[in-house]
Every structure is written in C-alpha cells, then in structure tokens.
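Undergrad: need coordinates for the below:
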Amino acid sequence: MKIKTLSVYTLMLYGMLVAYMLGPAVSYKTGLPRIDNPLALLFIIMSVGIFFLENKRFPRKFAMPFTALTLMGGWASLHFAISKLTGTTFMDLVSFVIIPCFFYILYLAVSRHEDSLGFIRRLIALFAAFIVFPALAELLTGIQFVTADEVLSIESGTIKGLFFNPNNLATTAVCLAPAVLFFFNQESERPRDTLLGWLIYLALGVVILISVSRTAIGCYFLLTALYLIYRGNNPITLALMLGAFFAVTAVPEYMVRDFLLSLNSNEFLERFSSRVYLFLFDLGSDNSVSTRQEIYNYFWHNPPLLLEGFGPKNFRQYFGGHIGSSLGFENPHSFPIELYLGFGIVSMLAFAAYVLFYGTIALGSGRTVSSRAKMAALCAMLVFLIGGFIPSSILRLPFVWLPCFLICLYLISGGNRRKAVSL
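TA: Now for the predicted structure:
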C-alpha cells in the first residue's frame, strides 16, 4: 500500500503539536514520562532523513529563511558535544534544534496540499483550542492541569492552562493572534470563515487577559487597534478609538485605585488587580520588572563576545556576582539575550537574517497579497519579537514560532495547489 508523503508530513505536524500541548498534562495526571520529549527527538531524526530523501530544489524565497534557521539551530547543536548537559538542558536544546525541522516539514505540507489555506486554518484552530479551552476550564472549575509551585498554583489565582507558567500561556496566545487575523480575516472569502476567525481571536484575547501578562495584554490591544484602523481605513474608526482612549484616561486616578483595591473577592481577582495596580501606580515595587531591568542593564553595559555561547541555561559565570537575583543564571527573560549568551553570535546573526528574510518576503509578495495582509504579516513578526521578552525562556516553546512560519510559507507558496506525491 502506497502512503502519500503529504499524509506523513501532516501526521508529523499534528502529532508533534498534540504531544507538546498535552505531554506535560498527561504526565502530571498519570505519572508517566512526558511523551513530547522522545517524540521531539524522533521528529528531528525523521526530518533529517526526509531532507536527504526529498527533492533539494527549493524556491529561493524558501531557501533563504530555511538556511538562516538551519544555521541558527545547527550552530546551537554544537552544545550536544561541547557542553555538559543535564536531562533538562538536553531537552531544552532539543526543543530549540527542532525549530528548523518544523519550518521544513511545514513547507513540504503547505506547498503540496491541495487546499493549503484550509490545512493552515485547521492547524491554527487546533492550536487555539489547546490554548483556550484548558485555560477557561481551569478558571471555571479550579482543576489544575500541570504541576506548579505555590506561587503559580490555582490556589493563588494563577491561570496557566496546559502551560507551566501564565506568561508561557500568554506568549503562545498573543503570538498566534496575528496569524488568526491573517488566515481567517485577510485571506477569507466566506463570511463564516471571518466569523470563526473573530471568535478565535476574541477567545485568545480572553485567555491573554486572564493570564494577567501585562506585556501580552498591551500587545493584543495594540494589535487590535492597528488592525481595526488599517482595516477600516477611515478617520471615523480612528476618531472612535481616540475618543475611547481619552474617556478612559479622564477617569480620576483615585477611582481607579479604589476599584482595583476592591477586587479581592477571590484569588484570581486579587492577583489580577494587584498586578495591574503595580503596573499603573507602583512599578518600582514589582519584583518581576526590577529583575528584568537588572538583567537587561547589565547585558547592555557589559556585552560579551561569544562565538559558541555558554550553552542552554548556563549563564552563572556571566551574571554571577553582578545581578541580585539568581533567576538570570538560567532564564534571562529575553529571547535575544538568551540566544546570544546560550549559542553565540553565529546563531544570533542567523536569527537576525531569518527576521530580515521574513520581512522581505512579506513586503515583496506582490499583488497576490493585499497591503492589509502584508501589514498583518509584519505585525505577526513584531508581536513574536516582543513576545520573546514575556516568558522567562522560550526554549521549551518551539510552537510559538509556528504562526510566523505558517504566514511566511503561505506567502512563499502563493497558495499554489499541488497534488501530493506518493512514497
């Protein structure tokens, strides 16, 4: 029996996404080892094998970002040999090296699918379901899906869904949001697709809001404002938004303070109000902000020259004795800093090249893509770059790269329809 290669690639993508989403929760509930770790290794091995078996004649637009991502991940893989890795840091490195593999298998699937737009929409809808439904279920039922310490437990009012940290949940949701606008709204020809897109987008917004990640909330509202202004393309939309902004800012400060302090009827509301209160009125007392500022300031004033980097989550020798919190020794709360310190200048320059190629592809898509779709594509990359500063680390979040990958590959393929070949 012949097996279509497209079916193999689709199964790989869906299987890896499901494993990443459900692996921690299944392990927590059953006590079994996490299934995503061995499957990630298998995904990499299969991707390398497929690369050698498949046609190497790539479109130039695909070859450029793929080469950059492969160099970024390939250079980081040197640490399998040169660094002393624990079981945790080994899987952190695997979760980073898998990134170009995701890009490659996604390219094979998108470029060969007879309905590439439908395939992408189904993948996004599944991804969004894993983000939205568990988070809302946790909020409504109080059932925790993954292990957590006391600070991040459901008893403290923290909503995480299938993730270990609310910032990871928020980052994933806000990075997916621009792709929803792109594929369900800008590339939509049927009203029901547009309606479904808005429902998914609003559901992601609710999740971002209950995660209480202030950066993610700001990104989401800014993205929504930009999209509505650009989509409406008229001064009325802008005037309404400006009016709403001035109406909110006109509320007396003492009323805002009193309202936030009154939200203490349960742990969730208390956590939400306290984080918003600190952001608005007492930012200097926010330990999260002060820790990040300390890390960023030291790196900015003392950038090291690194060829291969220190390895994943191994920054004690750089930050030790220079910052007050030990959090930065493993998690610098910034993807660019983590990328450079962990894997050196080669991986950093390769990532910069990928971002540059992405922007070139988005802007150079020609008349087949509307200017509004190009704007949504650029917003997706901007949100991803900002999102890299939200969680403590994105090494274990390779799926946050998928929204920009899907947009990039869809633009490269031009929505072409090709028949799947047989193996």
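Undergrad: now do the buried residues in stretch 357-375.
TA: The neighbour-count check on stretch 357-375 (16 or more other Cβ atoms under 10 Å) flags 357, 358, 359, 361, 362, 365, 369, 372, 373, 374, 375 as buried. In this view, the C-beta of every residue, glycine as well, is placed from N, C-alpha and C.
Undergrad: report the separation between residue 303 and residue 336.
TA: 11 Å (Cβ to Cβ, to the nearest Å).
Undergrad: residue 48: neighbouring residues, count only.
TA: Residues lying near residue 48 (other Cβ atoms under 10 Å) number 12.
Undergrad: which element is it on?
TA: In this assignment (DSSP states H and E), residue 48 forms part of helix 36-53.
Undergrad: more neighbours: residue 303 and residue 336, which one.
TA: Per other Cβ under 10 Å, whichever of residue 303 and residue 336 has more neighbours is residue 336, with 15 against 11.
Undergrad: next, the more buried one: secondary structure please.
TA: Following DSSP: H, G, I helix; E, B strand; the rest coil, we place residue 336 in the helix state.
Undergrad: hang on, the earlier thing: and the helix or strand following the helix holding residue 48, what's buried?
TA: Once the chain leaves helix 36-53, the next helix or strand it forms, by DSSP H and E, is helix 60-76. Judged by neighbour count (16+ other Cβ under 10 Å), helix 60-76 contains these buried residues: 61-62, 64-73, 75-76.
Undergrad: and what of stretch 163-172?
TA: 163, 164, 165, 166, 167, 168, 169, 170, 171, 172.
Undergrad: could you give me the average pLDDT of the helix holding residue 48?
TA: Averaging pLDDT along helix 36-53 yields 94.
Undergrad: so the nearest residue to residue 185 once chain neighbours are set aside versus residue 29, what's the distance?
TA: Spatially, and ignoring its direct neighbours in sequence, residue 185 is nearest to residue 197 (4.9 Å; Cβ to Cβ, 6 or more residues apart in numbering). Using Cβ to Cβ, residue 197 is found at 32 Å from residue 29.
Undergrad: between these two, who's got more neighbours?
TA: Using other Cβ under 10 Å as the criterion, residue 197 and residue 29 rank with residue 197 on top: 22 against 14.
Undergrad: and the one helix or strand the more buried one maps to, how far out from the chain middle?
TA: Using DSSP H and E, residue 197 maps to helix 191-211. Relative to its parent chain, helix 191-211 has a centroid offset of 16 Å by Cα atoms, centre = their mean, to the nearest Å.
Undergrad: show the pLDDT at the residue nearest to residue 185.
TA: Note on residue 197: pLDDT of 93.
Undergrad: distance of it from residue 153?
TA: From residue 197 across to residue 153, the span is 34 Å (Cβ to Cβ).
Undergrad: try residue 71
TA: 41 Å.
Undergrad: cool, residue 195 as well?
TA: Counting by Cβ to Cβ, the gap from residue 195 to residue 153 is 37 Å.
Undergrad: for residue 33, the count of nearby residues, please.
TA: Residue 33: 11 neighbours (other Cβ under 10 Å).
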